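Chemist: Below are the sequence and a predicted model; questions follow.
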Amino acid sequence: MERRRWSMLLAAALMASIMTSCAGSGASGGNGGAAGGPQASGKEPAAEVPVNTGPKEITMYTAGGAIDEKVFNEMYGNAIRKKFPDVTLKYIPSGKGSTLQELLSAGTTIDIVFDSIGYAYNFRNFGLQYDMTPLIKAKNIDLGKFEPSTIEFQRRVGNGAIYSLPVWTATAALYYNKDIFDKFGVPYPKDNMKWDELYDLAKKLTRSEGGVQYVGYVTAAGSQANTNQLGLKYVDPKTGKAQIDSEDWRKFMQSIVQFFQFSGMQWTAQNSTVAAMRAMFEKDRTAAMYTNFSGGTPPDDMNWDAVSVPYYEQAPGVGPQSYPAYLSVTNLSQNKPLAFDIVAYLVSEEYQLENTKQGRATVLNNRDILKHYGEAMPKFKGKNIAAMFPQKRAELGTYSPEESIASSKFAAAFTDIITTKKDVVTALREANEAANKEIETLAAQKK
């Protein structure tokens with residue numbers, strides 16, 4: 001599962017890097033480039049259903065380089081080849097010599113891209129987006145069958161066009177180590193708690209025992225902010241400026257850092273990283289609870305279970321935003337109908353059921369399929385599976401390059417606060433200033 005998990009913060013950093021390196025040069029590779037292509041208008045005009053002009057060969061690509069050939073085949077390749085035995089399928093992962101820019105410069109034709117939501121702006125940057133609306137209509141695909149926020153996001157970033165369809169989404173839950181709760185005689189957490197209730201519970205579990213410092217709760221603060229339940233946006237859509245130095249964001253930051261201000265634990269730049277805190281829960285087994293907002297579940301040998309992510313008083317019953325992966329037919333493809341047939345199959349109930357059984361949750365708004373989550377994996381037997389999938393999710397963020405810049409500054413501010421370098425007000429004010437400087441630089445590079 002860890003190899004299949006895409007880090008939200010890494011995606012944001014890479015996305016910002018791509019934007020910086022390519023913003024002034026336009027796309028290469030014969031697709032029309034940035035000037036005069038779909039990037040210029042922001043929306044690919046609806047067209048008639050295209051006709052295949054090439055052989056039955058399909059190339060799929062991902063910027064998520066951790067998805068190697070073996071994992072790709074487990075996720076998509078084997079199922080596609082079985083369903084489409086007459087199609088020659090090629091897979092290219094991002095890596096040295098095979099970044100998207102390098103492939104386009106070499107004239108490589110890519111038919112389908114699959115990536116996490118964090119890379120949503122790659123198509124806008126390289127001019128590869130293709131409005132799949134005519135094919136969606138021709139195939140009678142009901143967009144209402146998907147988890148609503150995943151389609152609303154596409155309509156928003158595409159100005160009404162549908163450049164991508166979601167294929168699976170990450171789980172989001174509060175995981176807990178039963179052994180630590182049992183050790184200290186503390187009752188297990190419950191579904192539908194408030195964050196204040198979790199705070200009280202975490203305090204009971206933050207203690208030193210036998211020379212070991214136990215911590216009640218840890219989290220990936222950046223991921224928690226990116227998928228926040230309050231629908232907070234890093235950037236003001238009207239001004240294009242960062243807005244993390246606001247009362248709402250200060251309250252949100254405080255709601256996270258309060259868990260790291262108990263006595264007995266000294267946080268440093270080393271032990272406050274996402275990897276370090278995850279290790280505290282999964283490897284060291286000194287953290288009693290951990291929220292993961294972008295996928296991944298505890299190891300098989302842990303005595304664990306899950307409850308729903310606590311909610312905020314001002315947003316009762318609202319869970320974290322979805323963190324989906326998307327499939328996109330590119331405008332380079334000479335086999336658009338065939339490529340879309342593959343996409344249509346991968347979002348079908350047939351495939352979604354089998355994929356969900358393997359621990360990749362369906363994006364369909366179908367609780368009956370979700371009931372089968374992880375069914376093929378012994379580690380999920382007897383677990384509170386329903387807790388990993390909120391009944392109601394907050395609206396997805398924008399994931400624009402500007403938002404990614406502000407997101408990284410928010411995560412850095414979190415570290416500054418819990419390592420006692422700065423207070424919340426100072427840290428967010430300075431983070432906001434730093435974000436706006438980078439946003440201004442990015443805007444200048446686009447001109």
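Modeler: In hand now; what should we look at?
Chemist: Quick one: residues in contact with the longest helix seen in the chain.
Modeler: Criterion DSSP state H: the longest helix present in the chain is helix 424-446. The contact list for helix 424-446 (C-beta atoms under 8 Å, 6 or more residues apart in numbering) reads 16, 19-20, 23-24, 234-235, 240-245, 249-250, 253-254, 257, 401-402, 405-406, 409-410, 412-414, 416-417, 421-422. In this view, the C-beta of every residue, glycine as well, is placed from N, C-alpha and C.
Chemist: tell me the average confidence for it?
Modeler: Here helix 424-446 scores 95 as its mean pLDDT.
Chemist: List only those of the contacts of helix 424-446 flagged as buried.
Modeler: 16, 19-20, 23, 234-235, 242-245, 249-250, 253, 257, 401-402, 405-406, 409-410, 412-414, 416-417, 422 (16 or more other C-beta atoms under 10 Å).
Chemist: one step back: just the C-alpha atoms of the longest helix of the chain, please, in CSV.
Modeler: Output of helix 424-446 as CSV, limited to C-alpha atoms (Å, rounded to 0.1, in the frame of the first residue of the first chain):
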residue,chain,number,x,y,z
VAL,A,424,1.0,30.7,15.4
VAL,A,425,0.4,34.3,14.5
THR,A,426,4.0,35.0,13.6
ALA,A,427,4.6,31.8,11.7
LEU,A,428,1.6,32.2,9.5
ARG,A,429,2.2,35.9,8.8
GLU,A,430,5.7,35.2,7.7
ALA,A,431,4.6,32.1,5.7
ASN,A,432,2.0,34.2,3.9
GLU,A,433,4.6,36.8,3.0
ALA,A,434,7.0,34.2,1.7
ALA,A,435,4.2,32.5,-0.3
ASN,A,436,3.2,35.8,-2.0
LYS,A,437,6.8,36.5,-3.0
GLU,A,438,7.0,33.2,-4.8
ILE,A,439,3.6,33.7,-6.3
GLU,A,440,4.7,37.0,-7.7
THR,A,441,7.8,35.4,-9.1
LEU,A,442,5.7,32.7,-10.7
ALA,A,443,3.4,35.3,-12.2
ALA,A,444,6.4,37.2,-13.7
GLN,A,445,7.7,34.0,-15.3
LYS,A,446,4.3,33.3,-17.0
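Chemist: what domains does the record give for this structure?
Modeler: 8-170+323-388, 173-320+400-446 (automatic domain parsing).
Chemist: So which residues of the stretch 151-300 of the chain form helices?
Modeler: When assigned using DSSP state H, counting those that start in this stretch, the helices of the stretch 151-300 of the chain occupy the ranges 178-184, 195-205, 221-226, 247-257, 274-282.
Chemist: Which parts of the stretch 1-150 of the chain are strands?
Modeler: All strands of the stretch 1-150 of the chain, identified by DSSP state E, counting those that start in this stretch, fall at 57-62, 88-93, 112-116.
Chemist: Tell me which of these sits nearest to G382.
Modeler: Of all these, strand 112-116 sits nearest to G382, with 29.5 Å by C-beta to C-beta.
Chemist: Any idea how far that closest one is from the middle of the chain?
Modeler: Distance of strand 112-116 from the chain centroid (C-alpha atoms, centre = their mean, to the nearest Å) equals 12 Å.
Chemist: Adjacent strands (with direction) for it?
Modeler: Sheet pairing of strand 112-116 (DSSP bridges) gives strand 57-62 (parallel), strand 324-329 (antiparallel).
Chemist: Deepest-packed of those strands, please.
Modeler: strand 324-329 (a mean of 25; mean count of other C-beta atoms under 10 Å).
Chemist: one step back: looking at the helices of the stretch 151-300 of the chain, which is buried most?
Modeler: Greatest burial across the helices of the stretch 151-300 of the chain, using mean count of other C-beta under 10 Å, falls to helix 221-226, with a mean of 24.
Chemist: Please state the offset of that helix from the chain centre?
Modeler: Taking C-alpha atoms, centre = their mean, one finds the center of helix 221-226 at 10 Å from the center of the full chain.
Chemist: Next: stretch 252-266.
Modeler: Counting by C-alpha atoms, centre = their mean, stretch 252-266 comes out at 25 Å from the chain centroid.
Chemist: What are the contacting residues of that stretch?
Modeler: So stretch 252-266 is contacted by 195, 199, 202-203, 206-208, 213, 215-219, 221, 224-225, 228, 230, 232, 267, 272, 312, 410, 413-414, 417-418, 424, 427-428 (C-beta under 8 Å, 6+ apart).
Chemist: in what helix or strand does K409 lie?
Modeler: Using DSSP states H and E, K409 sits within helix 401-418.
Chemist: And for the closest residue to P148 other than its chain neighbours, the neighbour number?
Modeler: Distance criterion C-beta to C-beta, 6 or more residues apart in numbering; nearest residue to P148, sequence neighbours excluded, is N365 at 7.0 Å. N365: 14 surrounding residues under other C-beta atoms under 10 Å.
Chemist: In contact with N365, which residues are there?
Modeler: Neighbour list for N365: G144, K145, F146, E147, P148 [criterion: C-beta under 8 Å, 6+ apart].
Chemist: State the pLDDT value of it.
Modeler: 91.
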